[in-house]
Each structure stands twice: as structure tokens, then as C-alpha cells.
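Enquirer: Got a sequence here, can you build the structure:
(one chain, ligands or ions: 4)
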Amino acid sequence: MLVTGKDILVPARAGKYGVGAFNTNNMEITQAIIHTAEKLRSPVIVQMSEGAIKYGGQDLANIVKDLATRATVPVALHLDHGSSYESCLKAIKMGFTSVMIDASHHPFEENVAETRRVVEAAHIMGISVEAELGRLGGIEEHIVVDEKDAFLTDPEEAVQFIEQTGTDYLAIAIGTSHGAYKGKGRPYIDQARIARIGELTTIPLVAHGSSGVPAEITRRFREAGGEIGDAVGIADDDLREACQHGIAKVNVDTDLRLASTVGIREVLKNTPKEFDPRKIFGLAREVMSQIVEHKMGVLGSVGKA
Ligand SMILES: O=C(COP(=O)(O)O)N(O)CCCCOP(=O)(O)O
Ligand SMILES: [Ca+2]
Ligand code: NA
Ligand SMILES: [Zn+2]
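Expert: Numbering: from 1, shown residues only. Ligands and ions are numbered 1, 2, ... in the order given. The predicted structure is shown next:
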């Protein structure tokens, strides 16, 4: 059933488990996410960035909404990294049941003001809101936040921010970053900071940049002709621990990008005579489903629907 993000995340925070928020850009990715959630009896969030909306538009949103509505588990359709009030309202008009207003690159007061506007409008329409305080390293949706400017979320500021905005859940900067290159060795994640914010707040917390970039996937990626450097993602144990301290929404896009590319490259490499799109995209869907299954197991959302 199609529900709001709050319907999914409030129980997750209370139950100390994480719910995967997986980005989609086409039908096969959407099927891999929602069919796997049904198979595992797991709630799930399907999210579209502004880039995905540009790419798939209402067509893609309708595919997600239809699968979500017919799904036997709770599914929310979420706008990822909404860059403006207008963008959030447009997404709500398209049928999204959850929207992120990402104003975290603005000074505190501006972020509060922009977030409040979205919260007021979204709540009138029964839609829940994700806001962000603090900056991830790496490439943010609209700006490059280089390491020295990246700043982690201040726990006391987070309390103020939540009180002043009424946001339903909060993305916090805890050392993670978007993309396949999250650092050398074991990427840094500030568990003490998560725990502190979790102690001081009650709303669900959101971890961006949570792809694990599994070694098996990068090995297959190279093996099938792809080129990727020493990519590394967040360790499964670090994600598990973060969900014990208040992280309830866990954003994953890169792992699905890598998995779908592995599937496509392997078909093209191993069966050069193949040109049936169902074969070419079918293996990608299968590899992505395996990734979604693994992630739901790590986060503890299996059987929670
Ligand atoms: O936190 C994450 C994903 O983190 P990850 O990179 O670790 O998977 N996200 O919010 C996904 C961001 C995707 C935006 O990319 P496009 O604009 O190209 O659609
Ligand atoms: Ca941001
Ligand atoms: Na988001
Ligand atoms: Zn993100």
C-alpha cells in the first residue's frame, strides 16, 4: 500500500531498525525494490531525485505509485534532495507521499525558513517532510561541498532545528558522502554523534550516502569490462550500529547503479549475440534484487511489514 514516509519511519525509529530508501530511475529498478520488499515482508521507501524526475517524469512516478499501491507492504514515494519549495510542491502534485527539502547548504536561519515553508504546505496535504542539517562530504545535489567545508551536524543545533521547523525526519551529516568513493579503507562514520543526536531527539534520523559498494559487485563490474577505482562504501556493521542510535531511513543509490551496470555488462560481454532487452535488463533486475535483499537484512527491516 502507498503510505507516507512518516507511516514507515516512526515505527522504524521506535523499533530500532532501518528502512532502505532506494533511488529509482526506471521500471526494472522499481520492480527490484518493491518486489524484494514484498518477498521479505519489509517496508520500503522508493525515492526519485530531481534528476530522476527530469529523466522519467510523471511516467516513472506513475509506475512507482502503481506498484506501491498494489504492493502488499507499506511503500512511500519520496522526493530525494528537493532543492526548493517549488520542487517539493510539484512532487506532491505528482503524487509523492514524502518530500525532502535540502536547504542544508544555507545558513541555519535560512534553512529553517525554507524548511518551515515546505512543512506547512506539505502537512496541509498530509505529506511528510525530510529536512537536512549539516553537509555531507563529496558532491551534494546542487553544490560541491569539499571536505574542508563539509561540517557534521551539531546535536544541540539539531534539537533547535527540529523545534523551529516541525520537520518529520532529519538527515544528519555524520561523515558519510554520496557516490562510490567514500574514503580510504573503512569510511568514517561518527557513531558518537549519531548517538548524541538520537538521545536528544525523537524523530526518525536519515543517513545519506549509505551504499556499501560491495567488493563482489566491484569485482564483477571490472570483470565485465567496467572501470572503477578503489571504491569503498559504508560497512554493514556501521549501518547496523547507526540504526541502534536513531537512524531510521537509509539512502542507497550507488549500489543499485553498480548492480544494474554489472547485470547489463555481463549479458553484453557473455552473450554478444543477445539483443533482447528483456535479457539485457532482466539480469540487471536480478542483481539489483540481490542488493536490495542484502541491505534489508543488514538494516533489520525484514518481516517488519
Ligand atoms: O544518499 C544518497 C545515495 O547515497 P549513495 O551514493 O551512498 O548510494 N542519495 O540521496 C541519492 C542521491 C542520488 C542523486 O543523484 P542524481 O541527481 O544523479 O539522481
Ligand atoms: Ca544538503
Ligand atoms: Na532524501
Ligand atoms: Zn543524499
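Enquirer: all contacts plus neighbour counts: C-alpha atoms, from now on.
Expert: Noted.
Enquirer: Let me know how buried residue 202 is, in neighbour terms.
Expert: 16 (other Cα atoms under 10 Å).
Enquirer: when you give positions from now on, start the count at 184
Expert: Got it, the first residue is 184 from now on, which makes the last one we talked about residue 385.
Enquirer: Contacts only, for it.
Expert: residue 429 (Cα atoms under 8 Å, 6 or more residues apart in numbering).
Enquirer: same deal with the one 3 residues further on?
Expert: With contact taken as Cα under 8 Å, 6+ apart, residue 388 is in contact with 196, 352-355, 381, 429-432.
Enquirer: now do 10 Å
Expert: Applying Cα atoms under 10 Å, 6 or more residues apart in numbering to residue 388 gives the contacts 192-193, 196, 201, 313-315, 351-355, 377, 380-381, 425-426, 428-433.
Enquirer: how near is whatever residue of the chain ends up closest to ligand 2 to residue 457?
Expert: Across the chain, the shortest distance to ligand 2 (Cα to the ion) belongs to residue 287, at 4.4 Å. Applying Cα to Cα, to the nearest Å, the value for residue 287 to residue 457 is 46 Å.
Enquirer: now do residue 343
Expert: 57 Å.
Enquirer: so what strands line up beside the helix or strand where residue 389 lies?
Expert: Secondary structure from DSSP states H and E places residue 389 in strand 388-390. Applying DSSP bridges to the sheet, strand 388-390 is found paired with strand 352-355 (parallel), strand 430-435 (parallel).
Enquirer: check whether the last one contacts ligand 1.
Expert: Yes. Judged by Cα under 6 Å from any ligand atom, strand 430-435 comes into contact with ligand 1 through 434-435.
Enquirer: Quick check: buried residues in the following helix or strand past that strand?
Expert: Using DSSP H and E, the helix or strand that follows strand 430-435 in sequence is helix 437-453. Buried residues in helix 437-453, defined by neighbour count with 16 or more other Cα atoms under 10 Å: 437-451.
Enquirer: Now for the residue of the chain closest to ligand 2: which residues touch it?
Expert: Shown in contact with residue 287 (Cα under 10 Å, 6+ apart): 266, 293-295, 297-298, 314-319, 323, 354-356.
Enquirer: give me every residue that touches residue 407.
Expert: Each residue near residue 407 by Cα under 10 Å, 6+ apart is listed here: 401, 444-453.
Enquirer: how about it, phi and psi?
Expert: Backbone geometry at residue 407, expressed as degrees, to the nearest 10, gives phi -90, psi 10.
Enquirer: Give me the distance between it and ligand 1.
Expert: Distance of residue 407 to ligand 1, given as Cα to the nearest ligand atom, to the nearest Å: 21 Å.
Enquirer: And residue 417, by the same measure?
Expert: From residue 417 across to ligand 1, the span is 8 Å (Cα to the nearest ligand atom).
Enquirer: got the CA coordinates for the longest strand seen in the chain in CSV?
Expert: The residue-count maximum for a strand in the chain (DSSP state E) belongs to strand 258-265. The C-alpha coordinates for strand 258-265 follow below in CSV (Å, rounded to 0.1, in the frame of the first residue of the first chain):
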residue,chain,number,x,y,z
VAL,A,258,5.8,1.8,0.3
ALA,A,259,6.4,5.5,0.3
LEU,A,260,7.3,7.6,-2.8
HIS,A,261,9.9,10.2,-1.7
LEU,A,262,11.5,13.2,-3.4
ASP,A,263,15.2,13.0,-2.7
HIS,A,264,17.2,16.2,-2.4
GLY,A,265,14.4,18.6,-3.3
